[in-house]
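K.L.:
Pasting the sequence and the predicted coordinates here, then a few questions.
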Amino acid sequence: MTVGAALRSALADTYRWSWRLLVLNTALTAAVAAVVILVSAFPLVLFVAPLVAGPIAAALVHCIVTLIREEAFELSDAVDGLRRFWKQGLALGALSGLVLLLGVLAVSFYASAEHRMLPLAALSAYVVAIVSLVLLVAWLLAIAEPEDGLKHALGQAWLLALRAPLRLITFGAALLVVNVLGAVTILPLLTLTIAYSFLATARLVLPAPTLEEMSA
């Protein structure tokens, strides 16, 4: 599926299942907001928030994988996803938080008035963006094929990035615009941008179900 087709398909999915996705998206953003309030130490909160929210994100991703494969999902699937994939959620949340933390520290260091190495600051931001996109793909692969393990999901995500880097960058730029617009135009707790990002990624990297699978 092309990037444009994945984005359009995810938009249709988001509209069709908006209230259920809103419940899950709000639960995830509320967990992040609670950590931000409780953990005031910056930049440590950049690591703790994704770690704590990881299991909830895994439940959301499980619902999205179910939607892709079965063309429907229930809120009860989120409970099942939380029970089955909380460990993967913790691991991927920790990885996501670590990348975010190290990226912010690197950009702040190189962009500080004391150092002023702006090319290195820009390079650090670029690396963080690429790794974050790879992790986004890995979330979907890890939940969709849990029997293969987390290492396999990460490896496959990197392979996909290396095979089509321009496609991944274009996709990431589109998601960045969507999330920025969602953050500045609507209250963060009332957006669907996280769910939409996972949906678009799923449409891009996961195979569509066959007629036999849909009728099974």
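P.N.:
Happy to help now that I have it. Just so it is clear, the model here is predicted, and its values are computed rather than measured.
K.L.:
taking the mean pLDDT, what do you get for the longest helix along the chain?
P.N.:
Ranked by residue count, the top helix of the chain under DSSP state H comes out as helix 76-111. Mean pLDDT, computed over helix 76-111, is 95.
K.L.:
Can you name the next helix or strand after that helix?
P.N.:
Moving toward the C-terminus from helix 76-111, the next helix or strand (DSSP states H and E) is helix 118-144.
K.L.:
mind listing what's buried in that following helix?
P.N.:
Residues 121, 124-125, 128-144 are the ones in helix 118-144 that count as buried (16 or more other Cβ atoms under 10 Å). Bear in mind the C-beta positions are built from the backbone N, C-alpha and C, glycine included.
K.L.:
what does stretch 49-57 give?
P.N.:
Of the residues in stretch 49-57, those buried (16+ other Cβ under 10 Å) are 49-57.
K.L.:
now that stretch: mean pLDDT?
P.N.:
Here the average pLDDT along stretch 49-57 is 95.
K.L.:
May I have that stretch as PDB, with CA atoms only?
P.N.:
Provided in PDB are the C-alpha atoms of stretch 49-57 (Å, rounded to 0.1, in the frame of the first residue of the first chain):
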ATOM      1  CA  ALA A  49       6.000   8.500  30.600                       C
ATOM      2  CA  PRO A  50       6.400   6.200  27.600                       C
ATOM      3  CA  LEU A  51       7.400   3.400  30.000                       C
ATOM      4  CA  VAL A  52       4.300   3.700  32.100                       C
ATOM      5  CA  ALA A  53       2.000   4.200  29.100                       C
ATOM      6  CA  GLY A  54       3.500   1.300  27.200                       C
ATOM      7  CA  PRO A  55       1.100  -1.400  28.300                       C
ATOM      8  CA  ILE A  56      -1.900   0.800  27.400                       C
ATOM      9  CA  ALA A  57      -0.300   1.600  24.000                       C
END
